[in-house]
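Student: have a look at this prediction, sequence included:
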Amino acid sequence: MANPTSTKQVFATVLKQSLLLVATIAVVGGILGWLFAGSLGLAAALIGAGLAFVFGALTALSVYLGGRLSLGGFFGVVLGGWIFKLIGFVVLIATLKGLIVGGAKPVLFFTLVASILGTLVIDSLVVLRSRITIGEN
Amino acid sequence: MDVSNIAAISGNIAVIGYGLAAVGPGIGVGLVVSKTIESIARQPELAAKLQVTMWLGIAFTEALALIGLATPFIFA
């Protein structure tokens, strides 16, 4: 695949590759979750992988969309998005804590951590490969 | 006088973990963004490059926040 040469290409590549990786982790985690904790384990794996992708994708989108605004707008979108995302994550986790019980708990945790670490690797590789021209924007 | 207990706290210790998981990465993300804005103000032509680098910094920092917030799932 050609190296990304603009911010748009960087974020598009990251989103596509992250989606593929997270889907793979969701399938593998879902199978393991099903084996260890039944249907609740399967649901926990899908929720864990989904959460990691949505929150990672929101960061990428906030930087990409914020980059089109003025410096103040950029700051507001990126940091404002971060606050709302964290509040949303805390609310979701607090809600799920009562729903996901027993053996499904570690399934959710480990699929979430695996998805986060996996997407970080993809982010790093894409940024390292990118060749963004000076003066873009 | 026999004093065996001079202070007591009650509640869930995981709440302190939630707080720490938000404070640390919050400071980290603030620093990353503030330095990027400073750099863009100095060299606006590098804005695109700096934004992508900043995003990578935020992604790594917020990974800690997400893992920290999810930790009570397995350790609580």
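Tutor: Structure received.

Student: just checking the distance from the top helix by length along chain A to the centre of its chain.
Tutor: Counting residues, the longest helix in chain A under DSSP state H turns out to be helix A:7-66. Distance of helix A:7-66 from the chain centroid (Cα atoms, centre = their mean, to the nearest Å) equals 6 Å.

Student: right, and the helix or strand after it?
Tutor: Counting by DSSP states H and E, the next helix or strand C-terminal to helix A:7-66 is helix A:71-99.

Student: before we move on, back to that, between the longest helix of chain A and helix A:71-99, how big is the angle?
Tutor: 90 degrees (axes from the mean of the first three to the mean of the last three Cα atoms, to 10 degrees).

Student: list the helices and strands helix A:7-66 packs on?
Tutor: helix A:71-99, helix A:104-129, helix B:47-70 (3 or more Cβ pairs under 8 Å, 6 or more residues apart in numbering or on different chains; DSSP states H and E). Heads up, the C-betas are built off the backbone N, CA and C, glycines and all.

Student: tell me, how many residues neighbour B:F75?
Tutor: For B:F75, the count of nearby residues is 10 (other Cβ atoms under 10 Å in any protein chain shown).

Student: can you tell me how far it is from A:F109?
Tutor: Distance, B:F75 to A:F109, by Cβ to Cβ, to the nearest Å: 9 Å.

Student: for the lengthiest helix in chain B, what is the average pLDDT?
Tutor: Ranked by residue count and defined by DSSP H, the top helix of chain B is helix B:14-42. Per-residue pLDDT over helix B:14-42 has a mean of 87.

Student: buried residues, that helix. List them.
Tutor: B:17-18, B:21-22, B:25-26, B:28-29, B:32-33, B:36-37, B:39-40 (16 or more other Cβ atoms under 10 Å in any protein chain shown).

Student: pick the one among these closest to A:G48.
Tutor: For the buried residues of helix B:14-42, the residue nearest A:G48 by Cβ to Cβ is B:A21; the value is 16.7 Å.
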